[in-house]
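Visitor: sequence-free structure coming up:
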């Protein structure tokens, strides 16, 4: 049934229709209403799950890992400082091969204190071994929670997944969302049934010490699993489309890229605004396109290589920054394109930090700057967009 | 011997509890309880970091198969009824 | 696309007002999006919220700078907050304003409507005597000034959204619909 709801409620409904069995979470702005809604579902009996109130995000993730190892489907949600407090146990979750699903309401890190969107928190968890999905709409948030269980629990994957929801722009925006029928979700997503699980009366130790002669083999397995996740994301989305009639473009969601000269890479909610800008510029005969980075892990390396053969310039918008280097999306895209003999011009634009609005005007100016840069064919340094005190105006 | 990545589980799993590891072998000093002086306060039982002390009628019985000889029980005992004795002596 | 901006204070239900509108427009068959500018909210602090209404799915995720409607839940904000900032020429302004008081010193070029939502909320015992919650009354007034939303859809949306006192909130909105009037400056 289609109804108007926030991104946070869409997340909670995603966990509900996926029949999460254990929820352990700690509230933090702007994630709180996810936890509140799930607590409500559990207390009213609408959801048959165990809700574990914990004293920190670190404990929330520890509880989810344990429950997952015991064979339960688990869910949690957090944001910014809560996510970074989890860092240690995030790596534990993926290495224990516990397919936990978590929503991270992506919010800027402090100081300065900010409760608004950027992707610093999520990007900083890039190397934890989690799949990471950036969402553009509340519908995508709900649907991706459901898909993430199916992908993560696949026997050839067995990895946790992070659903990234932009603070306020999705988390607190109310828009129409279709909550799929429970029977339909049940037939799409069977119960979680791991090969090995911790059981009462059958004591086992998980995650014990291994010596240097065996450690790398476990890591190699995790690497292979993330490679399998790439295939699973595509096949599960095909299946999802057949069952529910919706799809989101796999790992790299291309819009008007077929004949584009210059494309913009962007992740998260700003992609919606970018679609409007692409349409508007195309109506004036300017051939631009959007490549929405939907999965950051696994990284769509092959997709970028294919795209790079068709376009002359790629503008990469990062809503975070890796100090002393450049935006993380930019460096990874450049890295994946390096083996190509002929490469398009790539330029990094850093924008929208700490909730700074990414307007259609800013995106159009980025497209125009990228067209100029491509024509000049020169190497370009990362550019910070819309910073007061810099000469250049972007609005 | 190193096993192929294909022959190992997803994550290291031991089917036996950690009690297969007889940590008593690590010991240099072992605790000796003077039952005459014991006040049955149970502090040794509470403090033992490896849970090797069992209380029998309130009196500590130490499982020397697992006691590593750390001496915390002797240190905590208010009645000073536990002494640490070097292995092979006493 | 129609864009609406709401001004009020923490505790008056500004964000819920924007959600009530989105929900009502959705009932009318429109695509909608409503969102707050969320400060670190405190009771009494100025709060802004927004809504978009369109016939096609709303993809735009940036803020609203040139609204078609401005809804003011607390007239004391007229001092200190630039309520008309960016309002389109000919745009509509709905203000919660005490009955019998003259609305002065507002720039021309816009259409103004007033409604004593505070009294209506108090009459229906919504919120406390010192701080009546005016959001449902003001949305009744919005149904009056905006042709896209019928009173019935607005009342249904209010019934859906009000956590308690559903009948009182609906009654307040209905009364507000009757008592909203255009003011010629």
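Guide: All right, it came through fine. Not measured: the values here are computed from a predicted model.
Visitor: got the residues of chain C near chain A?
Guide: Contacts of chain C with chain A, taken as CB under 8 Å from any CB of the partner chain, map to C:15, C:18-19, C:22-23, C:26, C:31-36, C:38, C:40, C:58-63, C:65. (Each C-beta comes from the backbone N, C-alpha and C, glycine too.)
Visitor: are any of these buried, and which?
Guide: The neighbour count (16 or more other CB atoms under 10 Å in any protein chain shown) marks C:15, C:18-19, C:22-23, C:26, C:31-36, C:38, C:58-63 as buried among the residues of chain C next to chain A.
Visitor: quick revisit: out of the residues of chain C next to chain A, list just those in strands.
Guide: Counting by DSSP state E, the residues of chain C next to chain A place C:31, C:32, C:33, C:34, C:35, C:36 in strands.
Visitor: and those residues as a markdown table, adding distance to residue C:84?
Guide: A markdown table is the format used below for those (distance: CB to CB, whole Å):
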| residue | distance to residue C:84 |
| --- | --- |
| C:31 | 27 |
| C:32 | 24 |
| C:33 | 23 |
| C:34 | 21 |
| C:35 | 21 |
| C:36 | 20 |
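Visitor: For residue A:239, state which of those residues is nearest.
Guide: Nearest to residue A:239 out of those is residue C:31 (CB to CB; 27.4 Å).
Visitor: Name the residue of chain C that lies nearest to chain B.
Guide: Of chain C, the residue with the smallest distance to chain B, taken as CB to the nearest CB, is residue C:61 at 38.9 Å.
Visitor: ok, that residue to residue A:90 distance?
Guide: Using CB to CB, to the nearest Å, we find residue C:61 at a distance of 28 Å from residue A:90.
Visitor: Can you give the distance from the longest helix along chain A to the centre of its chain?
Guide: Counting residues, the longest helix found in chain A (DSSP state H) is helix A:212-244. Remark: helix A:212-244 is offset 16 Å from the chain centroid, using CA atoms, centre = their mean, to the nearest Å.
Visitor: average pLDDT for whichever helix or strand comes after it?
Guide: Using DSSP states H and E, the helix or strand that follows helix A:212-244 in sequence is strand A:252-255. Averaged across strand A:252-255, the pLDDT comes to 98.
Visitor: average pLDDT for stretch C:37-48?
Guide: Average pLDDT, stretch C:37-48: 78.
Visitor: Which pLDDT value goes with residue A:202?
Guide: Note on residue A:202: pLDDT of 86.
Visitor: In the sheet, which residues pair with it? Tell me.
Guide: Residue A:202 forms beta bridges with residue A:199, as assigned by DSSP bridges.
Visitor: Tell me how many other residues surround it.
Guide: Other residues near residue A:202 come to 8 when the count uses other CB atoms under 10 Å in any protein chain shown.
Visitor: need the strands for chain B, in chain order.
Guide: B:13-14, B:29-33, B:53-56, B:59-62, B:82-86.
Visitor: can you tell me which residues contact residue 107?
Guide: Picked chain A for this. If you count contacts by CB atoms under 8 Å, 6 or more residues apart in numbering or on different chains, residue A:107 has them with A:29, A:30, A:79, A:80, A:114, A:115, A:116, A:117, A:118, A:121, A:167.
Visitor: Switch to chain C, please.
Guide: Shown in contact with residue C:107 (CB under 8 Å, 6+ apart): residue C:84.
Visitor: what kind of secondary structure is it in?
Guide: Three-state assignment for residue C:107 (DSSP: H, G, I helix; E, B strand; the rest coil): coil.
Visitor: and which of the ones in strands among the residues of chain C next to chain A is nearest residue A:331?
Guide: residue C:35 (32.1 Å).
Visitor: On the pLDDT front, check the residue lying closest to residue C:77 once chain neighbours are set aside for me.
Guide: Once flanking residues are discounted, residue C:77 sits nearest to residue C:7: 5.4 Å by CB to CB, 6 or more residues apart in numbering or on different chains. Looking at residue C:7, its pLDDT reads 96.
Visitor: And for the one 5 residues further on?
Guide: With respect to pLDDT, residue C:12 has a value of 90.
Visitor: Roughly how far does residue A:82 sit from residue A:29?
Guide: From residue A:82 across to residue A:29, the span is 10 Å (CB to CB).
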